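**Q** Sequence and predicted structure, then a few things I'm wondering about:
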Amino acid sequence: MKLVLIGIQGSGKSTQGNILSHLFKIPYLSTGHIFREIAKEKTTLGRYMKETINAGILVPDHKTIEIVNSYLSRPEYKRGYILDGFPRTLKQAHEFSNNVDKVVYLRIPDKEALWRLMNRHQNRSDETLPALKKRIELFHKFTEPVVEFYEKQGKLIELDGTKSIHEVQREILENLGKQLVKNQIKEWKQKKKSIIALVGLPGAGKSEAASYFIKKKLPVISFGKIINDYIDEHKLGHTEEVHKKVREELRIKHGKEALAVLNEKKIQESFKKNNIVIIDGMRSWEEYLYLKKHLKKIQVYILALHASKHLRYERSAKRNYRAKLFGEVRDINELIGTNMGPTIAFADFLIKNNFSIDDLHDKLEEVYRQVYFS
Ligand code: AMP
């Protein structure tokens with residue numbers, strides 16, 4: 001495995017690098033460490049390195065690349081390695097010819113980094129406050145583009161580096177699809193079949209969540225599609241009155257669990273090829289109970305989305321499709337009429353969706369992982 005660790009100084013790269021090196025039995029290589037060793041030499045290069053490092057500035061790209069390549073061509077790096085401190089600039093990333101499997105970015109706030117470094121007692125001559133500030137500044141300028149570079153390649157694992165050493169280590173392994181069992185690295189295998197049922201009032205973000213999961217190539221079954229299609233087909237128009245009428249007709253026929261009954265086959269079908277299936281817009285408590293009862297051995301998780309009322313109404317009004325379908329009457333009909341209320345209260349996960357799309361995506365990813373690894 002070829003791993004790269006990225007993060008500002010003090011983010012825990014060398015701590016995690018050493019743990020991972022030990023676990024995967026592959027060498028850990030820190031350019032900072034190499035350069036500090038060279039700096040001890042009483043040669044022109046040694047003196048040059050010493051000055052460069054102590055000033056907190058970067059060693060020029062060509063020199064860095066040359067040194068890293070000569071190290072990595074040694075036989076002990078054949079099976080893989082963990083790199084810390086390299087690539088640090090876009091040029092280094094572009095010119096780095098060795099393959100990289102994953103890049104772990106340990107994110108911590110600048111202030112936290114300064115605090116950690118000022119309290120570290122390693123006596124490194126490059127850890128004066130001005131040199132540290134300079135290095136953090138250089139990170140934002142030169143290394144953040146490297147993070148983006150790997151993100152675009154789908155190789156980035158971005159983690160909150162302020163968590164405990166143990167937690168960060170566990171999350172890195174989890175993201176690599178591994179886990180530690182009795183100190184042995186094991187592949188993660190997802191065994192359980194699970195449903196993630198999205199619930200929430202109009203405008204809370206169910207559709208956005210559904211598209212997030214579609215992008216992850218998970219099957220998304222929209223419960224309401226049967227109703228929407230019926231209304232579109234018969235050109236009835238999407239008003240709350242029409243929806244209520246169609247909903248109730250189906251319920252007279254199939255009970256309050258109507259949409260679960262009508263979608264059951266489709267769900268079973270999706271599980272033939274997938275271990276996680278998303279249900280968009282599960283409506284009633286009865287549908288939930290029906291799924292639990294009839295889909296044996298499948299874990300049903302409810303993911304409730306919540307957003308403040310004014311935000312929900314603003315968002316709903318902006319929709320192209322079904323733009324008129326929101327308001328207090330609709331809310332109350334959903335909560336009490338369709339009996340959605342209990343599903344929201346009983347949810348396994350709750351996401352507050354008052355913020356940015358990116359924030360929502362991060363939270364969805366977290367839920368997905370919890371379900372995946374449960
Ligand atoms: P570090 O221990 O990773 O913080 O590195 C200490 C110092 O070594 C840095 O402040 C730079 O002067 C130098 N250095 C380490 N890695 C690189 C790199 N990839 N490119 C340029 N300079 C580097």
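**A** Structure received.
**Q** Would you mind listing the buried residues in stretch 82-101?
**A** Buried residues in stretch 82-101, counted by 16 or more other Cβ atoms under 10 Å: 82-93, 96, 100. For every residue, glycine as well, the C-beta is placed using N, CA and C.
**Q** Could I get the average pLDDT for that stretch?
**A** Stretch 82-101 comes out with an average pLDDT of 91.
**Q** next one: stretch 268-282
**A** On average, stretch 268-282 scores 95.
**Q** Show the end-to-end separation of it, please.
**A** 16 Å (Cα to Cα, to the nearest Å).
**Q** mind listing what's buried in that stretch?
**A** Using 16+ other Cβ under 10 Å as the test for burial, stretch 268-282 gives 270, 271, 276, 277, 278, 279, 280, 281, 282.
**Q** Where does pLDDT dip in the stretch 51-200 of the chain?
**A** Counting by pLDDT under 70, the stretch 51-200 of the chain contains low-confidence ranges at 121-123.
**Q** I misspoke; the intended subject was the stretch 201-350 of the chain.
**A** For the stretch 201-350 of the chain, the ranges with pLDDT under 70 are 321, 323-325.
**Q** Helices of that one, residue ranges please.
**A** For the stretch 201-350 of the chain, the helices defined by DSSP state H, counting those that start in this stretch cover 206-215, 225-233, 240-254, 258-271, 285-294, 309-317, 328-332, 341-345.
**Q** could I get the ones you listed as a markdown table with distance to residue 166?
**A** Formatted as a markdown table, the helices of the stretch 201-350 of the chain follow (distance: least, Cβ to Cβ, whole Å):
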| stretch | distance to residue 166 |
| --- | --- |
| helix 206-215 | 29 |
| helix 225-233 | 44 |
| helix 240-254 | 49 |
| helix 258-271 | 35 |
| helix 285-294 | 35 |
| helix 309-317 | 37 |
| helix 328-332 | 43 |
| helix 341-345 | 34 |
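**Q** Let me know which of the ones you listed is the nearest to residue 148.
**A** Among the helices of the stretch 201-350 of the chain, helix 206-215 comes nearest to residue 148, with 18.7 Å by Cβ to Cβ.
**Q** For that closest one, what is the distance to the chain centroid?
**A** Helix 206-215 sits 14 Å away from the centroid of its parent chain (Cα atoms, centre = their mean, to the nearest Å).
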